[in-house]
Structure formats: structure tokens, C-alpha cells
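S.K.: task: produce atomic coordinates for the following.
(one chain, ligands or ions: 1)
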Amino acid sequence: MREVYVKRALVPTRLGAAEYAVNPYAGCGHCCAYCYAPYVTRDPDFCAVRVRRNLPSVLDRELRRARMGRILVGTVTDAYQEAEDRCRVTRLALEVIAKRGFPATILTKSALFVRDADLIARIPGAEVGVTVTSLEGWEEYEGGSDPAERIEALKSLPGGVIRYLFLGPILKGRTERDLREIMDLAADAGISYVLVDRLRLKEGMREKLMATALKDAVDAPLSYYRDVAMRAARMGRERGMRVEALF
Ligand code: SF4
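M.R.: As a prediction, the model looks like this:
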């Protein structure tokens, strides 16, 4: 696997309720068909993951001087993709974040974060979320652990760590089919809140998706996404979870 060296580790972000983003890898081996990160990063080799080997030491230097703020770990990569099992760059970055006392939010499609449960618990205000789009047939268009296992893995986190679900992108014909079961699993795993998002098409994505198993999900109208989000909100209320739509 290729290694790359970075000059900066901490990137300001306007994504959600966080001030910074940290991405321990360039690209992402999960290579999800609906991923728009290759378009945002303009990375033609996005699916060929590269290890940012010196990121933890650069991050340590930057956090010494940075204004306090929440750090999102994994915004244009999955910090717990397969490479992390061997490379441990995410683990080293989290050790730095814990040492410097910054709050952090992790979002992943992998159950590998279980390995770092004790370390994550040392991060103030730590939040861990798993992304789920559906429970069946997901291997055709996304990477990561089995979605039910992703949710189940949240149970291994110590009580002080907030757990959340990222339900998205909503995929027509798939997400609504599995919605009730996903929300049941989420409630059982002690999830506090659910973020819901629609499929977002960057320029050039539509053509690419039309050649995949997701071709029927490409042209779903906004009313469809609103309907699924409303159903998720109702199920969330019934199960004691806050649900927020991001569109
Ligand atoms: S896990 Fe996230 S960053 Fe990685 S390919 Fe999938 S959507 Fe993109």
C-alpha cells in the first residue's frame, strides 16, 4: 500500500456541528458506488487507498496551538476501513486527540472501531456513528462490515460514548424496505440520534450510477426522500431516538 506524507492534518470544516476534519487516509478502499468524495477531492485514484503515515505527528503539532473545537474523523475517507487494521494511523491520531483533550466524532461503515473502544472513551464528548443504507444486497454498491454488525458493534462502546446512526444516502427501493428493522437495531444498540440524508449527485455521478445496481435509485424525487425521512422520524419518536434530516 502506498504511503504519503502530509503537511497538514487538521482541516477546517463547515460539516455539521464540528470545527475540524481529520482524514487518516487519502481515498477509501470501500469504494462505495454512491460516494461523492472522489468528486469533492478531485482524486482520480480515490479507491486506491493511501496511508497518511505522518498524520498523527503533524496533528499533534497542530493541536498544540489550535483553538478548541470538535474534530470529525473520516469525512472523505473511512477511518476504519480495512487498511486501518494493519496501519493503525487512525488509532495513533485518536491517541493524539485524546491526549490534547479535543472532542471528536467518528463515522464509519466498519465494526473495527471496537478495537479502540477504550481509547475512544478517553476522548471528551466522543461520538461514534455508523452509516447504513440497507441491510440486504449492500455488497453490490458499498464496502465495510455487514450493516447489522456495524450497528451491533456500537454496543461495545463504554456508556459515556454517544452512539448515532447515519441513515444515508437513502436508496430508493432499499432503504425504505429495511427501515423498520434498521430503526429497531439502532434502538437496541442504544443510539441517541439518527441523521438522515438523501442521495447527492455531483456532476458526472448520474451516468456512473446508471451502470450499477443503484440505477433505479438515481432519479428519486425530493418528495420520496421527505416521505422516508418522515417515516424514520416517526419510528425514531416511538423508539426514543431523535431523528434529523440533512436536506
Ligand atoms: S465509506 Fe464513505 S468515504 Fe469511503 S467510499 Fe464509502 S461513502 Fe466514500
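
S.K.: close to the ligand: what parts of this protein are there?
M.R.: Contact residues, the chain versus the ligand (Cβ under 6 Å from any ligand atom): Cys28, His30, Cys31, Cys32, Cys35, Ala37, Val76, Thr77, Asp78, Lys109, Glu142. Just so you know, the C-beta spots here come from the backbone N, C-alpha and C atoms, and that holds for glycine as well.

S.K.: in JSON lines, list those residues along with distance to Leu209 and secondary structure.
M.R.: Shown next, in JSON lines, are the residues of the chain next to the ligand (distance: Cβ to Cβ, whole Å; DSSP: H, G, I helix; E, B strand; the rest coil):
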{"residue": "Cys28", "distance to Leu209": "17", "secondary structure": "coil"}
{"residue": "His30", "distance to Leu209": "16", "secondary structure": "coil"}
{"residue": "Cys31", "distance to Leu209": "13", "secondary structure": "coil"}
{"residue": "Cys32", "distance to Leu209": "11", "secondary structure": "coil"}
{"residue": "Cys35", "distance to Leu209": "11", "secondary structure": "coil"}
{"residue": "Ala37", "distance to Leu209": "15", "secondary structure": "helix"}
{"residue": "Val76", "distance to Leu209": "19", "secondary structure": "coil"}
{"residue": "Thr77", "distance to Leu209": "20", "secondary structure": "coil"}
{"residue": "Asp78", "distance to Leu209": "20", "secondary structure": "coil"}
{"residue": "Lys109", "distance to Leu209": "18", "secondary structure": "coil"}
{"residue": "Glu142", "distance to Leu209": "12", "secondary structure": "coil"}
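
S.K.: okay, those residues in CSV with pLDDT next?
M.R.: As requested, those are exported to CSV (pLDDT from 0 to 100):
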residue, pLDDT
Cys28, 98
His30, 98
Cys31, 97
Cys32, 98
Cys35, 97
Ala37, 95
Val76, 97
Thr77, 98
Asp78, 98
Lys109, 98
Glu142, 97
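
S.K.: give the contact list for the residue nearest the centre of the chain.
M.R.: The structure's the chain has its C-alpha centroid closest to Leu107; by Cα atoms, centre = their mean the separation is 3.1 Å. By Cβ atoms under 8 Å, 6 or more residues apart in numbering, the contact set of Leu107 is Leu72, Val73, Gly74, Thr75, Val128, Gly129, Val130, Thr131, Phe166.

S.K.: try Leu63
M.R.: Going by Cβ under 8 Å, 6+ apart, Leu63 touches Leu10, Val96, Ile97, Arg100, Phe102.

S.K.: is it correct that the fourth one is in contact with Arg61?
M.R.: No. With contacts defined as Cβ atoms under 8 Å, Arg100 does not count as touching Arg61, sitting 10.5 Å away.

S.K.: list residues touching both of those two?
M.R.: Joint contacts of Arg100 and Arg61 (Cβ under 8 Å, 6+ apart) do not exist.

S.K.: and stretch 115-131, how far out from the chain middle?
M.R.: Chain-centre distance of stretch 115-131: 13 Å, with Cα atoms, centre = their mean, to the nearest Å.

S.K.: for the spatially most distant residue from the centre of the chain, phi and psi?
M.R.: If you look at how far each residue of the chain sits from its centre, by Cα atoms, centre = their mean, the farthest one is Arg65, at 27.0 Å. Reported as degrees, to the nearest 10, the phi and psi values for Arg65 are phi -110, psi -10.

S.K.: now do Arg226
M.R.: Torsion angles, degrees, to the nearest 10, at Arg226: phi -60, psi -40.

S.K.: ditto for the one 5 residues further on
M.R.: With angles defined as degrees, to the nearest 10, Arg231 shows backbone torsions of phi -60, psi -40.

S.K.: just give the closest residue to it, not the sequence neighbours.
M.R.: With Cβ to Cβ, 6 or more residues apart in numbering as the measure, Leu179 is the residue that lies nearest to Arg231, at 6.2 Å, once sequence neighbours are left out.
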